[in-house]
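K.L.:
I'll drop the sequence and a predicted model, then ask my questions.
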Amino acid sequence: MARYKHVDMSPRLLPVDLGAQLVPGTFAHALHHLVDELDLSSFDAQYSNDETGAPAHAPGMLLRAVLLGYSQGLVSSRSIERACRENVLFVAITGDAKPHFTTIAAFVSRSRDAIAAVFVQVLEVLGNEGLISREMFAIDGVKLPSNASKHRSGTRAEFLVRAQKLERAAKAMLDRHRANDDNTSPEDPSGKSARRIERMKTEAAKIREWLREHPNDRRGPTGGLRKSNLTDNESAKLSTDKGVFQGYSGIAVVDAAHQVIIEAQAHGTGAEQELLLPVLDACTAQCDENTVFVADAGYHSEANLAALVERGIDALIADPRMRQRDERYAEQHKHRAKPDPLHDKSRNAKASEVFGTDAFAVAEDYSHAICPAGQRLYRNGDCVVGGYRAVKFRAPASACSACSLRAQCLRKPATTLTRQFAVLIRRPQMTYTDAMRRRIDSDIGREQYGRRLGIVEPVFANLRHNKRLARFTLRGRAKVDGQWKLFALVHNIEKLARWRKTG
């Protein structure tokens, strides 16, 4: 029988050449040498130990540790600290510095502006290497939960009601205990009720303190009321096809040539329309006169398209009905019937189609209209539809009650008495949406927009699946934005490492 040498895996002390652990062509090697090329003076403002105090850990070392940790799916500061003590690759890249997890956490949470400066410098390196073409930038976002509870969301009025409810419940329990003071058999010998009363009082006090610190409700760009949050008031309740959670939207602008992230921002809102212009403004330095931006229908609005024309920005923004006009998606409905392990892709059944306004013959003087059954509808006043004047028509009850086409004319024949509709008196002029629709439906528009999916979606797949970015671990938009930029840095440095390895 063959004999083999024993493989001994017991702990031991070995001489290690730390520099030899950083193998050329790997992410760690590229990260180590890239950080040496960067100007990290923007981190100096965080320290005031020029003459007194202990020396601080070097920002370059902490930056290497965090980026290497994020590249391997280690998001928490405790896991990165453990790796810096036990993993030889982390020991090599940090020079065996062994930073404490509180130091790592503080570095990530307070360095948003310095991280943004590093992000710009890395883009300059990538541009010099020829990894940025500036031909086409694709914009998209991903919604991720954060370190906040969606159950603690509400308006100021709802928070006040919650605090009053807790105070009333605590008072009722306390009064009941006082009424039973003369009872020789105590109601709660373990003191559980007393602790519960104290918890309710503490929670009510925290809510009232929050209300004093935030005297106004959150408002959207148009003044609409938005839900606040007691744990992170800059986060938002985001709705996705897999459920609703409290978190942030991570926006990325990706170059078409090598999928380099040009801009990364985190916002506490799920309304993508209001994020388009701020993101475009941040990309000004990376654009040239031939750059084309592409974005999906979530960023579409008439106001956004008007702003693009005013600023002279070349962009393709899809409208919500773009795919319905494209014959290439004619059979997309069959894919919704397929089973999916994560969520149900099927949609609610649509209401049955009824006669549209084009089925009615309207008199030239708008005095009346004739329905498909030959009945006369009378004019029922004027109204405004989409900012344009329109005329309303309504059928008499006698015309619709016994009509044989009632089921084809009314969406709810059982409850609706008569049919009514409106027609525009003046057709609207060409809008920015109409112009964009014509452009995106052209052959070259379809070809350009068709590239969007393959440009930006693989970036989110890399960050979410390969880097295991399942949630943001911080609170506050500035901190979350810094963390999102760190993950974007990981993605970009990977591109640089592979480019230099193959080049």
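P.N.:
All right, it came through fine.

K.L.:
scan the chain for its longest helix.
P.N.:
helix 477-502 (DSSP state H).

K.L.:
what does the helix or strand bottoming out on mean pLDDT in the chain contact?
P.N.:
None of the helices or strands of the chain scores lower by mean pLDDT, DSSP states H and E than helix 322-325, at a mean of 84. Residues from elsewhere that reach helix 322-325, judged by Cβ atoms under 8 Å, 6 or more residues apart in numbering: 297, 329, 332, 437, 440-441, 449. Every C-beta, even on glycine, is put in place using the N, C-alpha and C of the backbone.

K.L.:
what is the nearest of those residues to residue 475?
P.N.:
Nearest to residue 475 among the contacts of helix 322-325, counting by Cβ to Cβ, is residue 297 at 30.9 Å.

K.L.:
the closest one touches residue 276, doesn't it?
P.N.:
No. Counting by Cβ atoms under 8 Å, residue 297 stays clear of residue 276, with 11.7 Å between them.

K.L.:
buried ones in stretch 56-76?
P.N.:
57-72, 74-75 (16 or more other Cβ atoms under 10 Å).

K.L.:
under the pLDDT cut-off, which ranges of the chain? List them.
P.N.:
The chain contains residues with pLDDT under 70 at 181-190, 333, 335-352, 386-387, 426-429, 503.

K.L.:
give me the three-state assignment for the residue nearest the centre of it.
P.N.:
Nearest to the mean C-alpha position of the chain, by Cα atoms, centre = their mean, lies residue 249 at 1.7 Å. Assigned by DSSP: H, G, I helix; E, B strand; the rest coil, the conformation of residue 249 is strand.

K.L.:
list the contacts of it.
P.N.:
Contact partners of residue 249, counting by Cβ under 8 Å, 6+ apart, are 141-144, 236, 238, 266-270, 272, 275.

K.L.:
among those residues, who's most crowded?
P.N.:
residue 236 (28 neighbours; other Cβ atoms under 10 Å).

K.L.:
quick check: phi and psi on it?
P.N.:
phi -140, psi 160 (degrees, to the nearest 10).

K.L.:
helices of the stretch 251-400 of the chain, residue ranges please.
P.N.:
Assigned by DSSP state H, counting those that start in this stretch, the stretch 251-400 of the chain shows helices spanning 276-282, 302-311, 322-325, 397-401.

K.L.:
out of those helices, which is closest to residue 433?
P.N.:
helix 302-311 (5.5 Å).

K.L.:
return the distance of the closest one from the chain's centre.
P.N.:
23 Å (Cα atoms, centre = their mean, to the nearest Å).

K.L.:
same thing with stretch 207-221?
P.N.:
The answer for stretch 207-221 is 23 Å, by Cα atoms, centre = their mean.

K.L.:
so how many other residues sit close to residue 283?
P.N.:
Around residue 283 there are 17 residues (other Cβ under 10 Å).

K.L.:
that one reaches residue 262, doesn't it?
P.N.:
Yes. Applying Cβ under 8 Å, one finds residue 283 in contact with residue 262, separated by 5.9 Å.

K.L.:
which residues do those two both contact?
P.N.:
With Cβ under 8 Å, 6+ apart, residue 283 and residue 262 have common neighbours 137, 253.

K.L.:
helix/strand/coil for residue 148?
P.N.:
coil.

K.L.:
run through the residues that contact it.
P.N.:
So residue 148 contacts 229, 231-232, 235, 246-247, 475 (Cβ under 8 Å, 6+ apart).

K.L.:
before we move on, the earlier item: from the buried residues of stretch 56-76, which land in helices?
P.N.:
Filtering the buried residues of stretch 56-76 for helices - DSSP H - leaves 59-71.

K.L.:
nearest to residue 84 among the residues you listed?
P.N.:
Nearest member of those to residue 84, counting by Cβ to Cβ, is residue 65, at 5.8 Å.

K.L.:
distance of that closest one from residue 234?
P.N.:
To residue 234, residue 65 is 27 Å away according to Cβ to Cβ, to the nearest Å.

K.L.:
what about residue 26, neighbour count?
P.N.:
Residues near residue 26, counting by other Cβ under 10 Å: 15.

K.L.:
wait, I meant residue 87
P.N.:
Neighbours of residue 87 under the rule other Cβ under 10 Å: 18.

K.L.:
what's the answer for the one 5 residues further on, then?
P.N.:
The number of residues packed near residue 92 is 20, by other Cβ under 10 Å.

K.L.:
so it makes contact with residue 26?
P.N.:
No. Using Cβ under 8 Å, residue 92 is not in contact with residue 26, being 11.2 Å away.

K.L.:
please parse the chain into its domains.
P.N.:
Domain segmentation of the chain under automatic domain parsing yields 18-45+56-110, 136-144+239-332+432-474, 150-181+189-229, 357-424.

K.L.:
circling back to that earlier point, overlap in contacts of residue 297 and residue 276?
P.N.:
Common contact partners of residue 297 and residue 276 (Cβ under 8 Å, 6+ apart): residue 317.

K.L.:
thinking again about what came up before, which PyMOL command selects the buried ones in the contacts of helix 322-325?
P.N.:
Selecting the buried subset of those in PyMOL, with 16+ other Cβ under 10 Å as the burial test, is done by:
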select buried, resi 437+440+449
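
K.L.:
determine which two of the contacts of helix 322-325 are furthest apart.
P.N.:
332 and 437 (19.0 Å).

K.L.:
ok, back up a step: top of the contacts of residue 148 by neighbour count?
P.N.:
residue 235 (30 neighbours).
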